[in-house]
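Q: got a structure for you, letters missing:
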């Protein structure tokens, strides 16, 4: 089994910054794509950013230039640096990862979610 644990959320004023972290642990052979999503009350979960194991990144249009995703493959950790935060960025932020595990001579590929971390931006 694999666990994703997010940290770094909190309350910040508009214009401020936060850095989220997500560490993957457990039965990990390799991790391909990792990403961040968010969900606000009454809204669907939306993609914020993704990053491949090779470092290729993809961002939602409304966070380009403000958010930066990065990862440390040696630590199985993905980060989200959020700058120039706006009240509309308030949401629960979730980490996601495509993980390959190896057990009993077999490789298993699964997608995992973290438990979420609350980010609140006050105006």
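A: Nice, thanks for sending it over. All values reported here derive from a predicted model rather than from experimental measurement. Numbers count the residues shown, from 1 in each chain.
Q: what sits against residue 82?
A: Contact analysis of residue 82 by CB atoms under 8 Å, 6 or more residues apart in numbering lists 17-20, 63, 66-67, 89, 119. C-beta coordinates here come from the backbone N, C-alpha and C atoms, glycine included.
Q: rerun at 10 Å
A: Under the criterion of CB atoms under 10 Å, 6 or more residues apart in numbering, the contact partners of residue 82 comprise 8-9, 12, 16-20, 36, 48-49, 63, 66-69, 89, 93, 119, 121.
Q: what's the closest non-adjacent residue to residue 8?
A: The shortest distance from residue 8 to any non-neighbouring residue, by CB to CB, 6 or more residues apart in numbering, is to residue 20 (4.2 Å).
Q: which SS class is that neighbour?
A: On the three-state scheme (DSSP: H, G, I helix; E, B strand; the rest coil), residue 20 is labelled strand.
Q: can you count the residues close to it?
A: Around residue 20 there are 24 other residues, counting by other CB atoms under 10 Å.
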